[in-house]
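> what shape does this take:
(chains A and B)
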Amino acid sequence: MDDAQITHSVSSELKPLIARHKMFDAWFAVLGLLAMLVALITLTALIVDLAVQGAPRLSWDFFTSFPSRFPDKAGILSAWVGTTVVMLVTAASAVPLGVAAGIYLEEYATKNWITGIIEINITNLAGVPSIVYGLMALGLFVYQFNLGQSVLSAGLTLGLLILPMVIIATREAIRAIPSLIREAAYALGATKWQTVQHHILPYSTGGILTGVIIAMSRAIGESAPVITIGALTFIAFLPTSPIQPEPPYLSFQWLFDPYTVMPIQMFNWTSRPQAAFHLNAAAAGLVLMAMTLLMNGLAIYIRYRFRKRIKW
Amino acid sequence: MIAKNNSLAFNASRHVRERAIEFVLFLAALSSVAVTLGIVGVLFYESLGLFKHVSLWDFLTDTQWTPLFDDAHYGILPLLAGTLVTTLVAVVVAIPLGTVIAIYLSEYAPHRLREVVKPILELLSAVPTVVYGYFALLFVTPLLQQLFPGLPGFNMLSAGLVIGVMIIPYVSSLSEDAIQAVPMQLREGSYAMGATRLRTALSVIFPAAFSGIASAYVLAMSRAIGETMVVAIAAGMQPNLTWNPLEPAATITAYIVQVSLGDLPHGSLGYQTIFAAGLTLMLITLVFNIAGYWLRRRFREVY
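So this is what the prediction gives:
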């Protein structure tokens, strides 16, 4: 056989093999698109289903009525007010604590065993199921500290739940700041705290804010821990107003009032047998989804704005 | 002289202030450890009350879980079976889909498509779980009932499927990050040998990124195990020792929800069972976390 013949026979053996592998390759591209479509179609089906079922129930009355035994009169007033006040407590507890912890771990901590334990611990906490936080809060906040089934205990529980997320977001935002900035501040005689206060914190605000908003959007949709600490499902009144007509004008009684939140209200309506309540559940779900999407959108926007403004 | 004294005093006060701030920040960092201690402490303390009445052996081997009945049995197995079946269904959905999506997005898809699809996929994990529960019970189950006539209204299949879709982003995003981290030279070497993109992905990139991909799987699984609202709404709340996903069964988390919805007196045996259930849940996820850590170590490739 001469060379030409060898080339010929090899290529006649190889050609089908190559063709087959190219076909597999093309098939995988189709498979990938299909897998993505499954995920996207499910998301679309979910949103469309909620919208079709729930949109007709959305009206001014739905937002300004208390829950009721009559499905067409029931509304989400106590639920959205409850969500708002609980989120206030959550933010007030998780943000200062989480940002401070993040600053410590990035700017102050030296490498030793305590830092090691704290870091492993935060990673592990982020993987603890949310209902376990609820059990902890039930034993500790509700019964040990006697906070009862109040706005305060719910807010603190969700605050602890999102604490690891806030810490991780803070650390990532701080880590993105080049060390040049710190060195320049130190060279001018700034102390550590002055550097943090005037440089590190302002430059990382965008990243921290993004993380906090995403964490808060998780907390808003979280129902399991709130059920565990005993959120009531039927609340036909609002928490005490923080502003009172007579002295001392300010009241913190709302912290200790019973409450319900949006996901609990939706859960309650979903688990009823009457189909009319399911429509209410869909409407509540639609509001909840809108809140979540809005917060996620806001987070993306903030990240984009700050990324554009700061160039190292 | 006076000026010098003043600046010394200034320095000293500045030093004290700095140390005080550092200490406060340190306490904040330590608070996360306090949370863990709180969780472990409460779970152990309250479960201990139960284990004074129920032996650990009964807890682990009894095949009935009826703590609220007159004829009380405290076997965790039915709840464990429910948890495992729903998790298995979810994993069977999420791991193949998530892995294929990750490979597709990083090796096949044009850059523009990836930038658009990734955030949308991540929305899947941002949807409140109670909304997924609604979706599983009132949309997926009726759909499945046309496929499987006689499927009960509460079943583990629909809950598992929905959880599976919910955790796809955990698999796909983290796997994709791991795949992106594989150095370009490996790909180019493989292409230079005449391998197709699929061959390269399966034989070169997947093994090289396996440590990251495996920890994505583990994270997704531990999310599925701890998932509460979907199963509580769509899989029913009756403990049922079965491996058949077409049947209704309570999971560990669903049981905790069921008890919390009623009002059991603080300190009663029934009240303590939810902490024992929570402790079991916590230990399972801990095992998963440790396995994930081990996998990351074992299969880490350093370039």
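
> all helices of the stretch 101-250 of chain A, in order?
For the stretch 101-250 of chain A, the helices defined by DSSP state H, counting those that start in this stretch cover A:113-126, A:130-137, A:151-175, A:179-187, A:192-195, A:201-221, A:224-228.

> residues in contact with the fourth one?
Yep, that's helix A:179-187 we're talking about. Around helix A:179-187, the neighbours that count as contacts under Cβ atoms under 8 Å, 6 or more residues apart in numbering or on different chains are A:194, A:195, A:198, A:199, A:200, A:203, A:312. Every C-beta, even on glycine, is put in place using the N, C-alpha and C of the backbone.

> most neighbours of all the residues you listed, which one?
Highest neighbour count within the contacts of helix A:179-187, by other Cβ atoms under 10 Å in any protein chain shown: residue A:200, with 21 neighbours.

> surely that one and residue A:177 touch.
Yes - at 6.2 Å, residue A:200 and residue A:177 qualify as touching, with contact defined as Cβ atoms under 8 Å.

> got the contact list for the residue sitting nearest the centre point of chain A?
Nearest residue to the geometric centre of chain A (Cα atoms, centre = their mean): residue A:218, 2.3 Å. Applying Cβ under 8 Å, 6+ apart to residue A:218 gives the contacts A:161, A:162, A:165, B:126.

> does residue A:50 touch residue A:289 like I think?
Yes - in this structure, residue A:50 is within contact of residue A:289 by Cβ under 8 Å, at 6.3 Å.

> more neighbours, those two?
Legend: neighbour count by other Cβ under 10 Å for residue A:50 and residue A:289, higher for residue A:50 (25 against 21).

> need the three-state assignment for that one.
helix (DSSP: H, G, I helix; E, B strand; the rest coil).

> for chain B, see how far away it is.
7 Å (Cβ to the nearest Cβ, to the nearest Å).

> read off the pLDDT value for that residue.
We have a pLDDT of 90 for residue A:50.

> need the contact list for the spatially closest residue to residue B:301 that is not a sequence neighbour.
In space, and not counting its chain neighbours, residue B:301 is closest to residue B:208: 5.3 Å by Cβ to Cβ, 6 or more residues apart in numbering or on different chains. Neighbouring residues of residue B:208 by Cβ under 8 Å, 6+ apart: B:182, B:186, B:301.

> any chance of a ChimeraX selection covering the buried ones in those?
Entered in ChimeraX, the line below selects the buried ones among the contacts of residue B:208, by 16 or more other Cβ atoms under 10 Å in any protein chain shown:
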select /B:182,186
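
> so which of the contacts of residue B:208 are in strands?
For those, not one is inside strands, with DSSP state E as the criterion.

> from the contacts of residue B:208, which shows the smallest pLDDT?
Least confident of the contacts of residue B:208 in the model: residue B:301, at 70.

> pLDDT below threshold where in the stretch 201-312 of chain A?
Low-confidence segments of the stretch 201-312 of chain A, defined by pLDDT under 70: A:231-234, A:236-237, A:242-247, A:249-252, A:309-312.

> how about the residues of it near chain B?
Neighbours of chain B within the stretch 201-312 of chain A, by Cβ under 8 Å from any Cβ of the partner chain: A:214, A:217-218, A:220-224, A:227-230, A:233, A:263, A:266-267, A:270-271, A:278, A:281-282, A:285, A:288-289, A:292-293, A:296, A:300.

> what do you get if the cut-off is 6 Å, keeping everything else the same?
Listed as neighbours of chain B in the stretch 201-312 of chain A under the rule Cβ under 6 Å from any Cβ of the partner chain: A:221, A:223-224, A:227-228, A:263, A:266-267, A:270, A:278, A:281, A:285, A:288, A:292, A:296.

> please name the nearest non-neighbouring residue to the residue in the stretch 201-303 of chain B positioned nearest to chain A.
Nearest residue of the stretch 201-303 of chain B to chain A: residue B:226, at 2.5 Å (Cβ to the nearest Cβ). Spatially, and ignoring its direct neighbours in sequence, residue B:226 is nearest to residue A:129 (2.5 Å; Cβ to Cβ, 6+ apart).

> surely that neighbour meets residue B:225?
No - look at residue A:129 against residue B:225 with Cβ atoms under 6 Å: they stay out of range, at 7.1 Å.

> tell me which strands and helices the host helix or strand of residue B:50 is in contact with?
Using DSSP states H and E, residue B:50 sits within helix B:2-53. Helices and strands touching helix B:2-53, by 3 or more Cβ pairs under 6 Å, 6 or more residues apart in numbering or on different chains; DSSP states H and E, are helix A:77-103, helix A:113-126, helix A:130-137, helix B:269-298.

> how about 8 Å then?
Judged by 3 or more Cβ pairs under 8 Å, 6 or more residues apart in numbering or on different chains; DSSP states H and E, the packing partners of helix B:2-53 are helix A:77-103, helix A:113-126, helix A:130-137, helix A:151-175, helix A:192-195, helix B:269-298.

> nearest to residue A:11, of these?
helix B:269-298 (43.0 Å; Cβ to Cβ).

> other SSEs contacting that closest one?
With contacts defined as 3+ Cβ pairs under 8 Å, 6+ apart, helix B:269-298 has these neighbours: helix A:130-137, helix B:2-53, helix B:77-103, helix B:210-226, helix B:252-261.

> what average pLDDT does the first one get?
Right, the one you point to is helix A:130-137. On average, the pLDDT along helix A:130-137 is 92.

> please apply the same query to stretch B:151-159.
Stretch B:151-159 shows an average pLDDT of 89 in the prediction.

> show me what counts as buried in that stretch.
By neighbour count on 16+ other Cβ under 10 Å, the buried set for stretch B:151-159 is B:151, B:154, B:155, B:156, B:157, B:158, B:159.

> got it, and stretch A:136-155?
Buried residues in stretch A:136-155, counted by 16+ other Cβ under 10 Å: A:136-143, A:147, A:149-155.
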